[in-house]
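A.B. asks: coordinates for the following, if possible.
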Amino acid sequence: MAPRGSNTSTTTRAAVVTLKAIGGHTSATVAWLIGLPVNQVNCIYARAIERGFDPNCRPFILEDEWLKDAPRSGRPTKQTPEVGEKLAIKRAKRRGHKYISYYGLTSPQEDGLQENEANKKAWTDEEDDGGTT
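C.D. replies: Numbering: from 1, shown residues only. As a prediction, the model looks like this:
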C-alpha cells in the first residue's frame, strides 16, 4: 500500500481509470493490482468522471486535466528569491556549513567580458607567480 498522505502520480491515476473503465475490474481488484487503498481508487475514478471523463465513450480518451492534482488551498508563499537566499545562509551557518551562493551570478559573457578580458582581470596571488608552494 502507498504511504498515507503521499500523492498519487498521474500515471498511477491513469492506470486506475483505465483498469476500471476498460478492464471492467472492481475497485478491490484495481486496489490490489496497483497497491492503493480501495477508497483512494474510488476517489480517483470519481474525480476523473467529475472532471469530464466518460467511461462509455469510444474510442477511449484520457485527458491530463481529468487526472492532475487539484490546486491546493491556503495562502500562497510570500518568499522572494532574496528572502530564500537569506534563509539558506542562516540555515547553513546554524549547521556550521559554508554557503556558496549562485544567486545573481552571471557568466563573463553576460557581463560583457570576454574570456581574455576576464583572465586579465582575474586576481592572482603574488606567491603563486613565483611557483612556490
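A.B. asks: looking at this structure, which helix or strand is least sure?
C.D. replies: helix 126-129 (a mean of 56; mean pLDDT, DSSP states H and E).
A.B. asks: look at the closest residue in space to Thr29 that isn't next to it in sequence and give its secondary structure.
C.D. replies: What sits nearest to Thr29 in space, not counting adjacent residues and going by C-beta to C-beta, 6 or more residues apart in numbering, is Leu19, at 7.7 Å. To be clear about C-beta, it is placed using only N, CA and C from the backbone, and glycine gets the same treatment. The three-state label given to Leu19 by DSSP: H, G, I helix; E, B strand; the rest coil is helix.
A.B. asks: is it correct that Leu19 is in contact with Leu33?
C.D. replies: Yes - under the criterion of C-beta atoms under 8 Å, Leu19 makes contact with Leu33 at 6.7 Å.
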